[in-house]
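1. next input, structure requested:
(one chain, ligands or ions: 2)
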Amino acid sequence: MLAPHVIEIDEDLNMNYKHFSPLSRRAFLGTGAGFALTASAPAWPARGSDIREFRIVAGHGRARLVGGRHPETAVWAYNGTVPGPEIRARQGERLRVAVENRLDEETTVHWHGVRVPNAMDGVPHLTQKPIAPGETFVYEFDVPDAGTYWYHPHQRGSEQVGRGLSGPLIVEERTAIQVDRDIVWVLDDWRLLEDAQISPDFGNMMDASHNGRVGNTVTVNGRIPETFAVRSGERIRLRLINTANARIFGLEFAGHRPLVVAYDGQPVESHEPKGGRVVLGPAMRADVLLDMTGKPGDRFGVTDTFYDGLAYRLLDFVYEQEPLRQRPLDTPVALAANTMPEPNLKAAERHEVTFGGGMMGGMMGGGMMGGGMMGGGMMGGGMMGGMMGGGRIDPRGMMHNGIWTINGVSATGHVHDPFLNLKLGGSSVLVLHNNTAWHHPIHLHGHSFRVIGRNGNPTRYREWQDTVLLAPRERAEIAFVADNPGDWMFHCHILEHQAAGMMGVIRVI
Ligand code: C2O
Ligand code: CU
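-> Residues are numbered from 1 along each chain as shown. Ligands and ions are numbered 1, 2, ... in the order given. This next block holds a predicted model:
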């Protein structure tokens, strides 16, 4: 079933993984204060009376992703940097962002997680005409809720995001909690060839029907970092954003107790996540408070342990000689609530939503496949099990839609008859059934929802999210008030799954 060149590329990647693996010593040293925050890129913020203006240009650029003796990587980037410039505003402000398209193809920008008016949502053909090469589109919207968000194209997302188009969007609380540093880590995952260039095998059937385009090079703020300098006694607010096409992260902080205070930008009762591991599917965010309880000179690893047997060290916390304070802060950590209306569960309509398709492959059972970590043996046996949903491959081995479904329908583009019509102002519970052997981070536009149940059990924190990660065969219940009128995308944020049909439209009128 696979075109031979796909196998060749994957074998190359398997080799490359050794070059760029976070497991081996990385060439690029990002230490101390020099460790890049994303705030430094010029986005021309101008402070108006109540409108904050930015200008971003989507175009071609070069990035020192790997560093050392490796060449720069040709990327598609906002304002020439990966990630794109940080857009930062205060809760309640209005943003005006002019987006100029200097790519060779159409694009749009979606403000992931921000509850914008429909016309500003950046979905090609559904909410706007795509921005043609050479054109500029001005987005303007209020930011009603504080939190950690991000922006990315919604046009040919797999390739546009996969080549580097994405950036952080931070909305500060009106009243902040006390921390010593507010740090953004944009986590990304790249599939690089031996010359550090992006593997052009976008849209291949293997990725589309398995776990998406998992890469072989993980970056933090566009670099492969070695270390991150910290000081004894300091409290860090770490905003984690997963902008990868397909990789799921499970971060463990040796010697520290990460305290999650927000998911997907939305405050949650502060808690240590299960097993101390912060799990982020594609598009998901977490705000984590870290009290740096080590001693001067200490060194602790931050490890990504999500995929069994494929753990690697992301970077090391390295304690500087000067402590900041003797004992950690004991000031309050709770973030002020945001503005989502509370769903009325008694009156809520219930809707069943079933996700289907993909390779059934019991041997893989939703385990790790793809990218540079894939062994040749798995390639050989991996296509057994049959395809659900009638995916097709053209002679060049490129995938078509039809691999994944929502309620039995495989989307062929952004414009679709809604599979759900919700009454404006009404409360809904969606029961999400993952009938596949794979993980899916499911994202709803224009709203945040509470995750109220998993596999029939109520969740402990009833967390607000805009993207919920469904494990293979898992069932989750989400609840929200449909208070934002318009046609809203509802899709898997593994961008290859989305492109291969796992997407639909929910209409709120
Ligand atoms: Cu982050 Cu439909 O997108
Ligand atoms: Cu998916």
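
2. which residue is most remote from the mean position of the protein?
-> residue 326 (36.1 Å; CA atoms, centre = their mean).

3. and the residue of the stretch 251-400 of the chain nearest ligand 1?
-> Here the stretch 251-400 of the chain gets closest to ligand 1 at one residue, residue 283, 4.7 Å apart by CB to the nearest ligand atom. C-betas here are computed from N, CA, C, even on glycine.

4. about what we covered before: surely the residue farthest from the centre of the chain is in contact with residue 293?
-> No. Residue 326 lies out of contact with residue 293 (CB atoms under 8 Å); the separation is 11.1 Å.

5. would you mind measuring from residue 509 to residue 122?
-> 20 Å (CB to CB, to the nearest Å).

6. more crowded one of these two?
-> Shown here are residue 509 and residue 122; by other CB atoms under 10 Å, residue 122 has more neighbours (27 against 11).

7. what's the pLDDT at the more buried one?
-> Looking at residue 122, its pLDDT is 98.

8. show me the contacts for it.
-> 108, 109, 110, 111, 128, 139, 153, 154 (CB atoms under 8 Å, 6 or more residues apart in numbering).

9. and if you look at residue 215?
-> Counted by CB under 8 Å, 6+ apart, residue 215 has contacts 189, 190, 191, 192, 244, 245, 246, 247, 371, 372.

10. where does the stretch 251-400 of the chain get nearest to ligand 2, which residue?
-> residue 355 (7.4 Å; CB to the ion).

11. pairing partners for the strand or helix carrying that residue, with directions?
-> In this assignment (DSSP states H and E), residue 355 forms part of strand 349-359. Sheet pairing of strand 349-359 (DSSP bridges) gives strand 387-388 (antiparallel), strand 404-406 (antiparallel), strand 427-434 (parallel).

12. so which of the ones you listed comes closest to ligand 2?
-> Checked against CB to the ion, the stretch from the strands paired with strand 349-359 lying closest is strand 404-406, at 6.5 Å.

13. following that closest one, which helix or strand shows up next?
-> Heading C-terminal from strand 404-406 (DSSP H and E), you reach strand 420-422.

14. for the protein, which strand is longest?
-> Longest strand in the chain by number of residues (criterion: DSSP state E): strand 51-63.

15. quick check: mean pLDDT across the helix or strand following it?
-> Using DSSP H and E, the helix or strand that directly follows strand 51-63 along the chain is strand 73-78. The average pLDDT for strand 73-78 rounds to 98.

16. what's strand 73-78 packed up against?
-> strand 51-63 (3 or more CB pairs under 8 Å, 6 or more residues apart in numbering; DSSP states H and E).

17. quick one: list the elements packing against the strand it packs on.
-> So strand 51-63, by 3+ CB pairs under 8 Å, 6+ apart, packs with strand 73-78, strand 87-90, strand 94-101.

18. one more pass at 7 Å, please.
-> strand 73-78, strand 94-101 (3 or more CB pairs under 7 Å, 6 or more residues apart in numbering; DSSP states H and E).

19. and the last one with strand 73-78, angle?
-> In this case it means strand 94-101. Strand 94-101 and strand 73-78 are oriented at 140 degrees to each other (axes from the mean of the first three to the mean of the last three CA atoms, to 10 degrees).

20. what does strand 94-101 rub up against?
-> Identification of contacts with strand 94-101 by CB atoms under 7 Å, 6 or more residues apart in numbering yields 50-58, 87, 89, 107, 109, 131-143.

21. out of these, which are buried?
-> In those, burial by neighbour count holds for 52-58, 87, 89, 107, 109, 131, 137, 139, 141-143, counting by 16 or more other CB atoms under 10 Å.

22. and the nearest residue to residue 243 once chain neighbours are set aside, how many neighbours?
-> Nearest non-adjacent residue to residue 243, counting by CB to CB, 6 or more residues apart in numbering: residue 166, 4.3 Å away. Neighbour count for residue 166, taken as other CB under 10 Å: 27.

23. mind checking how far whichever residue of the stretch 301-450 of the chain sits closest to ligand 2 is from ligand 1?
-> Using CB to the ion, the single residue of the stretch 301-450 of the chain nearest to ligand 2 is residue 440, 3.4 Å away. As judged by CB to the nearest ligand atom, to the nearest Å, residue 440 and ligand 1 stand 13 Å apart.

24. my guess is that residue contacts residue 355. True?
-> Yes. In this structure residue 440 lies within contact range of residue 355 using CB atoms under 7 Å: 5.9 Å.

25. what do those two both touch?
-> Taking CB under 7 Å, 6+ apart as the contact rule, residue 440 and residue 355 both touch 434, 502.

26. ok, the two, which is more surrounded?
-> Neighbours per residue, other CB under 10 Å: of residue 440 and residue 355, the larger number sits with residue 440, 30 against 23.

27. hmm, back to that, tell me the contacts of the residue of the stretch 251-400 of the chain closest to ligand 2?
-> Per CB under 7 Å, 6+ apart, neighbours of residue 355: 406, 433, 434, 435, 436, 440, 502.

28. of these, buried ones?
-> Counted by 16+ other CB under 10 Å, the contacts of residue 355 give 406, 433, 434, 436, 440, 502 as buried.

29. farthest pair within those residues?
-> 433 and 502 (13.1 Å; CB to CB).

30. enumerate the residues of the stretch 251-400 of the chain near ligand 1.
-> residue 283 (CB under 6 Å from any ligand atom).
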